[in-house]
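Novice: Sequence first, then the predicted structure, then my questions.
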Amino acid sequence: MADLKRTGLFDLHVDLGAKMVPFAGYEMPVQYPMGVMGEHLHCRAQAGLFDVSHMGRLVLRPLGDMAALEAGLEAMMPVAVAGLAEGRQRYGLLTNAQGGIIDDLMFANRGDHIFMVVNAGCKAGDIAHLRVGLAGIAEVIEVADRCLIALQGPQAEEAISGMIQAVMGMRFMDVITAHSVFGELWISRSGYTGEDGFEISVPNGGAAGLARALLAHPAVAPIGLGARDSLRLEAGLCLYGHDMDEGVTPVEAGLVWAISKSRRGGGFPGDAVILAQLADGPARVRVGLRPEGRAPMREGVEIFDRLEGGQAVGRVTSGGFGPSVEAPIAMGFVPAAQSAVGTQLWGEVRGKRLPVAIAALPFQPTTYKR
């Protein structure tokens, strides 16, 4: 793993006994001694601390005024930017000319600039794409001097409020700047587990100290990539490169809620395709899947509409065991005509077709603080 990058929390992961694996060009913790199942359940019951410093963090700084930056960014995605109040964050989608998803991201209005978090594997491409789209409008700066950690779970607020009391007044998708002994913190009330929680940008020099301070709280345990994946799957959240990519539209991916009403008149890449799907419905859709029995159906499993013969009608894009629901769960794409909850289909696992039913998403209720 000599060519891999390390986040500012690498030494802490090693001290905590993490199993490190290659992920998106970094050495990242996949699990700690508690194990994936234990970490998952701990996050759902108490609070988990995640290192997400591998994610791309960008500052979009206007060369003129913020209004021009907002208009420029809005022209790149089917999401309203201009209406986002200072101190608020929103989920966004960069789309291509065919309506496919270049990346999904979070962006926050921080007053005199926009702070954006993009997927690690898409980071270089996103920066290039944004620099072309915002040429003459904004400077696109990759943030390299800060770490990003996530604190997720029902006791997350309690764990951090002793240090940063202001978090108690935050709602889901609020963003604040807080001063601390670890440096200036950029905090959003958000995350990707389905639980209430926070994402905290902290200067590199203070990152380990902040992480250790949070881990000193009896409710907080370190959580690796393994449990992060099972948590987001239970919450019915897409993973880029698996449940969505440049060949999948937001409508197909079940992300219609993210397409702002004010943008449904067009004016973004792929608008003709996306608006037609909004009007007429897509041919295929992302759905939840509940395999019968205890055997998981993982990514790549083909889905059939009959027990024997015929052609595959869909495929699993994410799958595994859901520790909180105590059963195998999956997501995938099937024809819209066969997407009703309860529809019986079959997944082919090692040459054998096993029953699987369309299920409602999410598998685990979300607990965001509205």
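Specialist: Done, it's in. Numbers count the residues shown, from 1 in each chain.

Novice: mind exporting the host helix or strand of residue 40 as PDB, just the C-alpha atoms?
Specialist: Using DSSP states H and E, residue 40 maps to helix 36-45. Coordinates of each C-alpha in helix 36-45 appear next as PDB, following Å, rounded to 0.1, in the frame of the first residue of the first chain:
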ATOM      1  CA  VAL A  36     -18.500  -4.600  11.500                       C
ATOM      2  CA  MET A  37     -21.600  -6.000  13.100                       C
ATOM      3  CA  GLY A  38     -20.800  -4.500  16.500                       C
ATOM      4  CA  GLU A  39     -19.800  -1.200  15.100                       C
ATOM      5  CA  HIS A  40     -23.000  -1.000  13.000                       C
ATOM      6  CA  LEU A  41     -25.300  -1.700  16.000                       C
ATOM      7  CA  HIS A  42     -23.300   0.600  18.300                       C
ATOM      8  CA  CYS A  43     -23.800   3.500  15.900                       C
ATOM      9  CA  ARG A  44     -27.500   2.800  15.700                       C
ATOM     10  CA  ALA A  45     -27.800   2.600  19.600                       C
END
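
Novice: Now do the same for it: mean pLDDT, whole number.
Specialist: Per-residue pLDDT values over helix 36-45 give a mean of 98.

Novice: likewise stretch 192-206?
Specialist: 98.

Novice: before we move on, back to that, what packs against the helix holding residue 40?
Specialist: strand 220-222, helix 225-234 (3 or more C-beta pairs under 8 Å, 6 or more residues apart in numbering; DSSP states H and E). Bear in mind the C-beta positions are built from the backbone N, C-alpha and C, glycine included.

Novice: Make a markdown table from the ones you listed and add distance to residue 367 to it.
Specialist: Listed next are the helices and strands packed on helix 36-45 as a markdown table, based on distance: least, C-beta to C-beta, whole Å:
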| stretch | distance to residue 367 |
| --- | --- |
| strand 220-222 | 17 |
| helix 225-234 | 12 |
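
Novice: tell me the secondary structure for residue 257?
Specialist: Secondary structure, DSSP: H, G, I helix; E, B strand; the rest coil: residue 257 is helix.

Novice: where does it sit relative to residue 79, distance-wise?
Specialist: 11 Å (C-beta to C-beta, to the nearest Å).

Novice: Pick out whichever of those two has more residues nearby.
Specialist: Neighbour count, other C-beta atoms under 10 Å: between residue 257 and residue 79, residue 79 has more, with 24 against 8.

Novice: Quick check, the more buried one in contact with residue 90.
Specialist: Yes - contact criterion C-beta atoms under 8 Å: residue 79 and residue 90 qualify, at 6.5 Å.
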